[in-house]
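K.L.:
with the sequence up front, the predicted model follows.
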Protein chains: 2
Amino acid sequence: MADIAKLLSPRNVAVIGAAPKGQGLRGRILEILTAHPYAGSIYPVSRSNGEVQGLKAYPTIGAVPGPVDLAVLIIPAEFVVDELRRCGEAGVGAVIVLSSGFAEEPGEAGAKKQAEIKAIAAEYGMAIMGPNSEGFANLPLALCPTFSPAVAPGNLSLLPKMPLGGRRVSVIAQSGGMGFGFYDRGRPKELGFNHIVTTGNEACLEVLDYADHLIDDPGTDVLLMLVEDIKTGSKFSTVAEKALRAGKPIILSKIGQSDAGARAAASHTAALAGSYASFSAMAHHYGIVEGRDLEHMVDLAQGFLAAGPHLPAGRRVGICTASGGGGGWIADACAAAGLEVPELDAATRREIDKIIPSYGTSQNPVDGTAQAIRSAGYAGLAGRVAPSPMVDGIIVVMSGRAGEHVAHEREALIKLRQETKKPIFMWSYTLPVSLTLETLAEAGYPLFTNMHNATGTMAAMADYRERRERFLAAPAVARVAAPVHEHASEMLSKSRGALTEYEARRVLAAYGIGHTTGQYLAKTVEQAAEAAAAIGGPVAMKVQSPDILHKTEAGGVALGITEARVREAFATIIERAQEYAPDAKIDGVLVQPMAEKGREVILGINTDPLFGPMLMVGLGGIHVEVLKDVALGPVPLSKPAALALIDQLKGRALLDAQRGVPAADVDALAELMVKLSRFAADHAEAIAEIDLNPVFVHPKGQGVTIADALIIQHGHG
Amino acid sequence: MADIAKLLSPRNVAVIGAAPKGQGLRGRILEILTAHPYAGSIYPVSRSNGEVQGLKAYPTIGAVPGPVDLAVLIIPAEFVVDELRRCGEAGVGAVIVLSSGFAEEPGEAGAKKQAEIKAIAAEYGMAIMGPNSEGFANLPLALCPTFSPAVAPGNLSLLPKMPLGGRRVSVIAQSGGMGFGFYDRGRPKELGFNHIVTTGNEACLEVLDYADHLIDDPGTDVLLMLVEDIKTGSKFSTVAEKALRAGKPIILSKIGQSDAGARAAASHTAALAGSYASFSAMAHHYGIVEGRDLEHMVDLAQGFLAAGPHLPAGRRVGICTASGGGGGWIADACAAAGLEVPELDAATRREIDKIIPSYGTSQNPVDGTAQAIRSAGYAGLAGRVAPSPMVDGIIVVMSGRAGEHVAHEREALIKLRQETKKPIFMWSYTLPVSLTLETLAEAGYPLFTNMHNATGTMAAMADYRERRERFLAAPAVARVAAPVHEHASEMLSKSRGALTEYEARRVLAAYGIGHTTGQYLAKTVEQAAEAAAAIGGPVAMKVQSPDILHKTEAGGVALGITEARVREAFATIIERAQEYAPDAKIDGVLVQPMAEKGREVILGINTDPLFGPMLMVGLGGIHVEVLKDVALGPVPLSKPAALALIDQLKGRALLDAQRGVPAADVDALAELMVKLSRFAADHAEAIAEIDLNPVFVHPKGQGVTIADALIIQHGHG
């Protein structure tokens, strides 16, 4: 495996194609590299110059003395492959290819060159970033092998003196501009950045490889990721789970949610975008925090950096303000983010009332008025709200323009931060001056200029904690006994591509999913009549054919058939099916008891090209078909995760008691989902799709009924 | 009427309670006032000083020479009333009361003082702002009678040299902090502000009075409003319609959407918050642009200021970028905002392809790569996309950090802006430097740092144009003939508080809403049997009593009753009703044909305490009861507005053709809504509530059936 540590933390760097200042990107990269106090050696490699920008230059990589950890390639695409080979021969450990002109080009030539990069990397065991990358920055090492203006000389110091929370965030992005954009936005907010990695075309190392590496990096507490495409889907769950267990939040945005976005991502990195719905389901399952835009993601990062392990235990917020309007406005923003702003308890209110004037209020939002802020300060007011058992976090409405005012209460702010474990956010309704930013960062308070980002971050932190705790506490999804597994495998392997309901029910029943009681496959009129007699009462009759997947459409279903009408129904079904599909192989007619009605739900398994089988649950009928109200999750799925999935449905309330109808047996539905997910996970090699549609969910305690079932194996339909 | 012009544009200003520098707010206000080049006279009024801050001071307002247009009161609350009277006696035209301690105080005393302010204003015809206001700023006059730090000396010049679009925005807010917060955010973005008004407790002048005034002000092109409460609901539609006709967009946020927000607003300005749902419906109807937060609203303002009359004709966006990732990301943001990013036409692509390298793309997002931006500039690339017949607006992804680069193509940017009428937005993924901001503002381009605000603003501008055009084109809602009006009034006045379905149907039928054919009120078993015979086929039977509003709950409804069972049903209904409400006056049993089923819809009228009758439409059954899927609009409602309301329903697609069911007769539903809205508007004095629930909407061309109707008059239940 390539050594990413050598790539990101090299002891020395060679710049192949280095040029004097002013000569475009080739000059720029050395200019930026040398502007920072990187302690390692920097070796320009130049055919035409013996010295570049004051450094001794070497004619070839082979001429550089001693082993080179990292070579930076900034030469035309057509020379890259040969140069890489020279690097390999010279024992270079890692390479960044900044050059463009590979798989992002139309036509075969670029893709071919990119494949060669991959082959050389494997041959020599080199860690290769790019091609078409903007490089990276290792801020603690003051190492910036990139041409990004964000770390060019003349900016703020690479790391703030007192980074917020004493913690650091790393960025991984395929796009160079956006990757360094996070730093451009976050550094002025006094965030400490560890690494910024821009992966480019990912001939070798993918975003998830860097993430895997950085989760182990003690200097990285939070990850910010912007992803256009995931090349190896199987890495996703491994990396996401590792991050979740380590308690290192991943804040991620996935480009390609829209057609145009996907089109852009595809043309830009020459990749196929996977399904966004599946991605989003995976992210949700693994506690990944989905970000909306640069500001939102930087703000999420600052919330997590400031909080460290002290995440809000719930969603109840205390608001402190000197502006009544500001307090009310952000209270609305809390509600919009799913947070609560409860009235405070009497004891807390008494303490607050001691320091606020009569025209203020301690109810929550706590309006201390300008008078209380002048006398007690933001810390004084927040310090009286924080202990309330009614709140899990605090948001202080303040004016960051008043830097001296904030600096004046520096000690009190530090003390308050040390004394309470609850997150305390600052929302400034004015643009903050740097004195405010520095003071608050030192004291450990994230400063938000956008109120929805403040409330959204508080909610995301509560969500993250909840999802992480659920994930860590979830029992392993029980395995089935080996013979059951084998039996099901055998049935599947003996089946045709599409399993009829009768066949599907038998396989599913082996896994404890539904049962086969009262299910008769009638091949003749006589058998149908016998089956109906055995069942007693009206029956459902359905044509069984691997060639007829849509039985109703084919006229192959008859419901509520009384014993007297069974024969006629059998004949009609067979006749219609033969008309509908003259060449279909017809196994017979399934005769079964009428399904007892209940809330209509649809369960399914679909195979995502990146992530494999995904379980889908939706409210049936119009809710799925017209309103697209479904939720997805990876398999296997624990029961708490299944319940959480059901809770994601917009029409979730339809399963509650209403209109005189008792609540639905959500518990039984969740158990069915767990079993189905186990089955799908165990037989992912064989199964492409499963549809249980409809499933009727009966009142609490009365279970569920699978009214129809279909299994399609890979390579079919 | 008080003269708001004298208040906001006075020829001179007296500051009552003026103090030397350093003496709190009393010193501060004169310091701020005198720091700007206001051309009028400033007269300090001070009991204790003959000179204040270098200006001659006067012992009383009466002693100031000549007539005073505006007096600023910064004295303790207990002296305000007396001082106001002195102002009135001295012929002062307008007053700002900055002092706190009025209706926002708990108890009666503050409210009483505030009432006295109102009385004095009326007595002397003075325009009074406040109390508890933070004052205002008239930026073109360089007049800042406020203690807001946002306009204190040491900041940027009050107005930019070249304000964006050459236009100006005015701010009206009840909250001083938030009001000046817009300026604090917007001025660094080179927005030209006209007035900033903070209205405080609004003893006299309300937000809508200022809005009414500023819509007539030629110096105001756009209004930014932050509203905690609307004191006089009837002013809302007048002002909103005036603004819409004038083409001056109102960008507004209403505090109090959540319980906590409403609680804050109520305690803060001593006001009752109206229903947010009604407010939002009014805003939607009148093309008011709802803002989310300070940044969002300032960004909306800059979009409108830059565009002036040239709003996007549709929702199709062309994206120009040098960053593939940035292009894809904002394409997703376009989709999230309801915008489209279509592939460009071949002719446009040919022109673009001439200037971009092979690894770029002209499809849209147009990725010119860094190379095209270097050679053709942002203007060069955008100028080739803008003429495409496929797009209504352009968003350019750029780096605002590169100020010289932008300044370098200043001329080209100006030329492009003059040549195209389509909005061109800049989204910077880096924090912009002031050279970028100034250059772009001069050239007429709004610069967004938040990509969702960029796409949201483009969408809001398209929405505004569409709503405005619909509003201006909507036919007046036809009046009914006077005798019809009188007849309905008479029936209502003769009715009891709650009208039974039988009575309600008669009144509604007079307005052409439904009909009374086949509706029989049976007082006896015999009459019921006769009615059923006359109807033929199964009937619905419902108890009719002004004391039983929930007939089903009372067991007073029997459906699908055949002729043979009518007598028994009659007896059962009467018996159950008497059990349910022993004292109820029972008129009899309504016998009617069974309603023909269709898509179930609910229509209603509810009286909002602020805005009067509001029409509600919702998808019936669970969609209203569980999912709360309803839309509201003011009455009367034109047919285009009714159709727009139906389109707002989340489950709108349920009315389309689906699952073999033909599309519903949405046209007939809209016509029913128009008639119902006319009826509700005409009889708003009498009617508190109307419920038509359910209404069955039949397939296209087959109309609607009102299956139940209830009218409740004011003062009842």
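P.N.:
Sure, I can see it. Numbers count the residues shown, from 1 in each chain, chains lettered A, B, ... in the order given.
K.L.:
which SSE is immediately downstream of the lowest-mean-pLDDT helix or strand in chain A?
P.N.:
In chain A, no helix or strand scores lower on mean pLDDT, DSSP states H and E than helix A:259-269, which sits at a mean of 70. Counting by DSSP states H and E, the element after helix A:259-269 in chain order, helix or strand, is helix A:276-285.
K.L.:
does any bit of that next one sit next to chain B?
P.N.:
No - Helix A:276-285 does not reach chain B (CB under 8 Å from any CB of the partner chain); its nearest approach is 8.9 Å. C-beta coordinates here come from the backbone N, C-alpha and C atoms, glycine included.
K.L.:
which residues touch the helix or strand that that helix is followed by?
P.N.:
On the C-terminal side of helix A:276-285, the closest following helix or strand by DSSP H and E is strand A:289-290. Under the criterion CB atoms under 8 Å, 6 or more residues apart in numbering or on different chains, residues A:249-254, A:280, A:283-284, A:300, A:460, A:463-464 lie in contact with strand A:289-290.
K.L.:
ok, now with 10 Å
P.N.:
A:222-224, A:249-254, A:279-280, A:283-284, A:296-297, A:300-301, A:303-304, A:456-457, A:460-461, A:463-464, A:467 (CB atoms under 10 Å, 6 or more residues apart in numbering or on different chains).
K.L.:
hmm, A:Met129 and A:His99 touching each other?
P.N.:
Rather than His, residue A:99 is Ser. No - using CB atoms under 10 Å, A:Ser99 is not in contact with A:Met129; the gap is 11.8 Å.
K.L.:
more neighbours, these two?
P.N.:
The neighbour comparison of A:Ser99 against A:Met129 (other CB atoms under 10 Å in any protein chain shown) goes to A:Met129, with 31 against 23.
K.L.:
correct me if wrong: the more buried one contacts A:Gly135.
P.N.:
Yes - with contact defined as CB under 10 Å, A:Met129 counts as touching A:Gly135 (7.5 Å).
K.L.:
what touches both of these two?
P.N.:
A:72, A:96-98, A:145, A:197-198, A:200.
K.L.:
tell me the one among the residues you listed nearest to A:Pro106.
P.N.:
A:Gly200 (17.4 Å; CB to CB).
K.L.:
what is the neighbour count of that closest one?
P.N.:
Neighbours of A:Gly200 (other CB under 10 Å): 29.
K.L.:
ok, it to chain B distance?
P.N.:
10 Å (CB to the nearest CB, to the nearest Å).
K.L.:
any idea which element that residue lies in?
P.N.:
Applying DSSP H and E as the criterion places A:Gly200 outside every helix and strand.
K.L.:
show the pLDDT at it.
P.N.:
The per-residue pLDDT reported for A:Gly200 equals 95.
K.L.:
so how far is chain B from the residue lying closest to it once chain neighbours are set aside?
P.N.:
Nearest residue to A:Gly200, sequence neighbours excluded (CB to CB, 6 or more residues apart in numbering or on different chains): A:Ser133, at 3.1 Å. Using CB to the nearest CB, A:Ser133 is found at 12 Å from chain B.
K.L.:
in which helix or strand does A:Ser133 reside?
P.N.:
Using DSSP H and E, no helix or strand contains A:Ser133.
K.L.:
if I read this right, it contacts A:Thr146, doesn't it?
P.N.:
Yes - counting by CB under 10 Å, A:Ser133 touches A:Thr146, with 8.5 Å between them.
K.L.:
for A:Leu431, which residues are in contact?
P.N.:
A:399-401, A:449, B:150, B:181, B:184-185, B:187-188, B:294.
K.L.:
just to be sure, it is in a strand?
P.N.:
No - using DSSP: H, G, I helix; E, B strand; the rest coil, the secondary structure at A:Leu431 is coil, not a strand.
K.L.:
looking at this, A:Pro694 is in a strand?
P.N.:
Yes - counting by three-state DSSP, A:Pro694 is found in a strand.
K.L.:
hmm, it is touching A:His623, no?
P.N.:
No - A:Pro694 is beyond contact range of A:His623, at 11.2 Å (criterion: CB under 10 Å).
K.L.:
next one: the residue lying farthest from the centre of chain A from chain B, what distance?
P.N.:
The C-alpha centroid of chain A is most remote from A:Ala564, which lies 56.6 Å away (CA atoms, centre = their mean). Per CB to the nearest CB, A:Ala564 is found 26 Å from chain B.
K.L.:
and of the contacts of A:Leu431, the nearest to B:Thr500?
P.N.:
Distances from B:Thr500 to these, taken by CB to CB, are shortest for B:Leu294, at 52.4 Å.
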